[in-house]
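Participant: Attaching a predicted model along with its sequence, questions to come.
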Amino acid sequence: MSQPLILAIPKGRILDEALPLLARVGIEPEADFHDGKSRALRFATNQPDVSIIRVRAFDVATFVAHGAAQIGIVGSDVVEEFDYSELYAPVDLNIGHCRLSVAEPDGLATGNDAASNAMLSHVRVATKYPHLTRKHYEAQGIQAECVKLNGAMELAPSLGLSLRIVDLVSSGATLRANGLVETSVIMQISARLIVNRAAFKMRSAELAPLVEAFRRAVGVRDAA
Ligand SMILES: Nc1ncnc2c1ncn2[C@@H]1O[C@H](COP(=O)(O)OP(=O)(O)OP(=O)(O)O)[C@@H](O)[C@H]1O
Ligand SMILES: O=P(O)(O)OC[C@H]1O[C@H](OP(=O)(O)OP(=O)(O)O)[C@H](O)[C@@H]1O
């Protein structure tokens, strides 16, 4: 028998929405997965040919791109930020909805990013997404100097690290709580199923039906 397929899933906020989806696909992690005290990172499932690894959101893309995991679940923000040629993202999972936006301190923001940017040739931006940020500003002829942070971007303007931030927004509560307003939406985001392209060719007998099962599961909702 070949090695089990490794499915990489993020430990952050997508996880709660991903588990019911996995159940609809017919994959249930072993009990240890739900034990908050467990330090295990790799888990068996009810399917002997599928194991799960639980890693940081950005690392899901890295494990799958390098073929260490064959398939994974990750936000389209991460897919686009890395832009790995080895990744194939065949299914929009319709979970983890949010957007990637530019925000500035309330009062300083003009409310129109394009108009205020017309005067600029250079901006400094705190973000976890330097690639997408540079691309966004390059399209306006502006050079973005990115200060890379891994969280709490919203602190940067008040502490003088940068005037602008580029971060994920959902309800807008985090921006409001930190005196910031959204001035431009860079992209709408949802979680994607990602597959390693080489693995998809080499193990298509296992991966193609699994991808189809995810596609079907996205169309099926849990009973209320
Ligand atoms: N506010 C949000 N609403 C909905 N989805 C979100 C939100 N914030 C993040 N996401 C989605 O969930 C993914 C993981 O985000 P999360 O905030 O859990 O990661 P993190 O805690 O920053 O990651 P790490 O594990 O590296 O610390 C993001 O890549 C995005 O696709
Ligand atoms: O618009 P809202 O609904 O307030 O959501 C936005 C927040 O959610 C994400 O952070 P998260 O809470 O996942 O924590 P993090 O800073 O560890 O990424 C994101 O980085 C924002 O800070």
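Facilitator: Perfect, I can see it now. Ligands and ions are numbered 1, 2, ... in the order given.

Participant: Per-residue pLDDT of the residue nearest the centre of the chain, please?
Facilitator: The residue lying closest to the centre of the chain (Cα atoms, centre = their mean) is G75, at 2.5 Å. pLDDT, G75: 98.

Participant: which strands and helices sit next to the helix ranked longest in the chain?
Facilitator: Secondary structure of the chain read by DSSP state H shows that its longest helix is helix 204-219. Other helices and strands packing on helix 204-219, by 3 or more Cβ pairs under 8 Å, 6 or more residues apart in numbering; DSSP states H and E, are strand 5-10, helix 14-25, strand 71-75, strand 87-92, strand 191-196, helix 197-202. For glycine as for every other residue, the C-beta is placed from the backbone atoms N, C-alpha and C.

Participant: what's the model's confidence in it, averaged?
Facilitator: The predicted model assigns helix 204-219 a mean pLDDT of 97.

Participant: Can you list the low-confidence ranges for the chain?
Facilitator: For the chain, applying pLDDT under 70 flags the ranges 1, 109-118, 220-224.

Participant: and it, which residues reach ligand 2?
Facilitator: Within reach of ligand 2 by Cβ under 6 Å from any ligand atom, the chain has these residues: G12, R13, G151, A152, D167, L168, V169, S170, S171, G172, A173, T174.

Participant: Can you check the residues you listed and name whichever has the most neighbours?
Facilitator: Greatest neighbour count in these, by other Cβ atoms under 10 Å, goes to D167: 27 neighbours.

Participant: contacting residues around it?
Facilitator: Contact analysis of D167 by Cβ atoms under 8 Å, 6 or more residues apart in numbering lists L100, S101, A103, T127, K128, Y129, M153, E154, T174.

Participant: D59 now?
Facilitator: Contacts of D59 (Cβ under 8 Å, 6+ apart): A8.

Participant: ok, back up a step: looking at the helices and strands packed on helix 204-219, spot the one closest to ligand 1.
Facilitator: strand 71-75 (2.0 Å; Cβ to the nearest ligand atom).

Participant: Quick check: next helix or strand after the closest one?
Facilitator: helix 76-82 (DSSP states H and E).

Participant: so which of the residues of the chain next to ligand 2 also contact ligand 1?
Facilitator: Among the residues of the chain next to ligand 2, the ones lying close to ligand 1 by the criterion of Cβ under 6 Å from any ligand atom are G12, R13, G151, L168, S170.

Participant: Now those residues in JSON lines, please, with extra columns for secondary structure.
Facilitator: Shown next, in JSON lines, are these (DSSP: H, G, I helix; E, B strand; the rest coil):
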{"residue": "G12", "secondary structure": "coil"}
{"residue": "R13", "secondary structure": "coil"}
{"residue": "G151", "secondary structure": "coil"}
{"residue": "L168", "secondary structure": "strand"}
{"residue": "S170", "secondary structure": "coil"}
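
Participant: Show me which pair in those is furthest apart.
Facilitator: G151 and S170 (14.9 Å; Cβ to Cβ).

Participant: No further queries at this time; thank you.
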